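[1] Got a predicted model here, sequence first, then my questions.
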Amino acid sequence: MDDNLSAGTLGAAQGLIADDNRLRENSLGFAALTFMVVSAAAPLTGVAGVLPIAFMLGNGTGLPATFLCATVVMLLFSVGYVAMARHVRNAGAFYAYAARGLGGCWGGATAIVALVAYNAMQWGLIGMFGAIAASLFAGYGVNAPWWLYSLVAIVLVSILGYRQVDLSAKVLGMLVIVEYVIVLLVDFVILGKGGAHGLATHTFNLGALTSGSFPVAILFCLGSFMGFEATTIYAEEARNPEKTVPRATYAAVLVIGFFYIFTSWLMIAGTGPTHLISTLKSLKDPTNFFFDLARRYVGGPVPDIAQLLLVSSLFAALSAFHNYIARYSYVAGREGLLPAMFGRTHSVHQSPHIGSVAQTMGALLVLAFFAGFHLDPILDLFTWICQIGVLGLVGMMTITSVAVVAFFQREGGVSRWKTLAAPVASGLIMAVLFVYIYANFGELTGTNGKWLGIALPTAIPVAALVGWALARRLRTSAPELYAGMGASRS
């Protein structure tokens, strides 16, 4: 552990931050914060894009029970996460918790891992967005390359990210509400009609859970929660953050978890458990599975509306991850890890505009590379790059769980369950998952036997080493800033 922070040193460190370089305070209430986080989970993207693949490669009819397990794991992690949120108010989230619990070097490592992981998720989703948008509009006679749609999305996302955060919250909120309405409409119609051959409650028993590949299924399920942790990223902009952030965190986990449990169960019921895998394999494009169910059970304009909403769902996720990256860049600049210009906010919008612009430039370069070399936007850009993000997330959750224990062992905590038992359990689970994903990255992404199967996951430990080195340099060059890494910002 590094340095305990004295009041005098903290005051000196905070004095180095200009008052006008703050994020816009009190701009997000409970509902807006929850929407910003849930939107990153891209509900319709998960239902149409992730669930069919998880059914086929995972444990088939055991997927609803697997989502239940994933929800429990995320709630377990949230116990310690939320307990620390009441003591650390900082837009750095994982970074801040690692710095306050384990010291500045661990904080630096986590900050750079976060930037790599969230950028990887956003870049991968850019590929999926372009591919799905190109396919959708081709059906209406508009033929354009996938990268053109991705380019339009990058530009629009950058405009929202550059401006004030509540504009993004309003846009994302509307999109997410409509997504949930459409998916739940199909769910309840299937429920009302009793499915194809009954409602198949046996999908929640142990036999279904252990069928097929449970490890692959749990990875898909955990990936569907990507972004739930971001409630603390907006802590400096939330109203009454001591209550808003914990409530929004639990709400996000429960909304995402029960939505996928309910929907995956009814998708199985809609086609019949015994016909699930054969139906999926018969489809030229498995992502049409949900739309076929919508057409079969609801009909009318609903399937077409759902396909349009899939595009808006991906756009919402792109915007959410863009905001996360911009805020992590802002914190890293403010606290000395990145150049100081990243730690400045816009004079009018009070948004982290430098980080927003930098993320946009990075996305444009990645798009140019994959489009220029004619690589596939789904099989290459999405599949290869997004798994780096999942690996990074699991790694950060592992470090954060350890940091929570260390912080409360030093500072004292009221509840042993919140400050020791729950974070230790979640940390062990996440550590096992991190090793599994890293060791099997090639198999999971289709890069097995290729140098990419080693190089791509290695980006995460390399990022950690870079962050560690930056923090050590900061400790030597600016000890006041180093001492204040991860400190609460009022």
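    On my side now, so go ahead.

[2] could you pull out the helices for the stretch 51-200 of the chain?
    For the stretch 51-200 of the chain, the helices defined by DSSP state H, counting those that start in this stretch cover 51-57, 63-85, 94-102, 104-138, 146-162, 165-193.

[3] quick one, the fourth one and helix 94-102 angle?
    What that stands for is helix 104-138. On the basis of axes from the mean of the first three to the mean of the last three Cα atoms, to 10 degrees, helix 104-138 is oriented at 160 degrees to helix 94-102.

[4] sorry, back to before: tell me which of the helices of the stretch 51-200 of the chain lies nearest to K450.
    Judged by Cβ to Cβ, the one of the helices of the stretch 51-200 of the chain that comes nearest to K450 is helix 104-138, at 17.6 Å. To be clear about C-beta, it is placed using only N, CA and C from the backbone, and glycine gets the same treatment.

[5] From the contact counts, what lies against that closest one?
    Helix 104-138 sits against helix 94-102, helix 146-162, helix 302-334, helix 353-372, helix 383-411, helix 452-477, with contacts defined as 3 or more Cβ pairs under 8 Å, 6 or more residues apart in numbering; DSSP states H and E.

[6] my guess is I388 contacts P461, does it?
    No. Using Cβ atoms under 8 Å, I388 makes no contact with P461, being 11.4 Å away.

[7] Name the residue in these two with the higher neighbour count.
    I388 (25 against 14; other Cβ atoms under 10 Å).

[8] Name all residues that make contact with the residue nearest to that one when sequence neighbours are not counted.
    In this structure, I388 finds its nearest non-sequential neighbour in A120, 4.0 Å apart by Cβ to Cβ, 6 or more residues apart in numbering. Contact analysis of A120 by Cβ atoms under 8 Å, 6 or more residues apart in numbering lists 385-386, 388-389, 392, 459.

[9] wait, which of those residues is closest to G49?
    Among those, C386 lies closest to G49 (Cβ to Cβ), at 10.8 Å.

[10] OK, contacts around that closest one?
    Neighbouring residues of C386 by Cβ under 8 Å, 6+ apart: 120-121, 124-125, 223.

[11] now with 10 Å?
    Counting by Cβ atoms under 10 Å, 6 or more residues apart in numbering, C386 makes contact with 117, 120-125, 127-128, 223, 226, 445.

[12] Okay, now the unreliable bits of the stretch 251-400 of the chain?
    Applying pLDDT under 70 to the stretch 251-400 of the chain flags residues 349-350.

[13] make it 80
    Filtered on pLDDT under 80, the stretch 251-400 of the chain yields the residue ranges 284-285, 287, 346-351.

[14] before we move on, back to that, need the helices of the stretch 51-200 of the chain in CSV with distance to S329 and mean pLDDT, can you?
    Shown next, in CSV, are these (distance: least, Cβ to Cβ, whole Å; pLDDT from 0 to 100):
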stretch, distance to S329, mean pLDDT
helix 51-57, 32, 88
helix 63-85, 21, 92
helix 94-102, 11, 93
helix 104-138, 7, 93
helix 146-162, 11, 92
helix 165-193, 14, 81
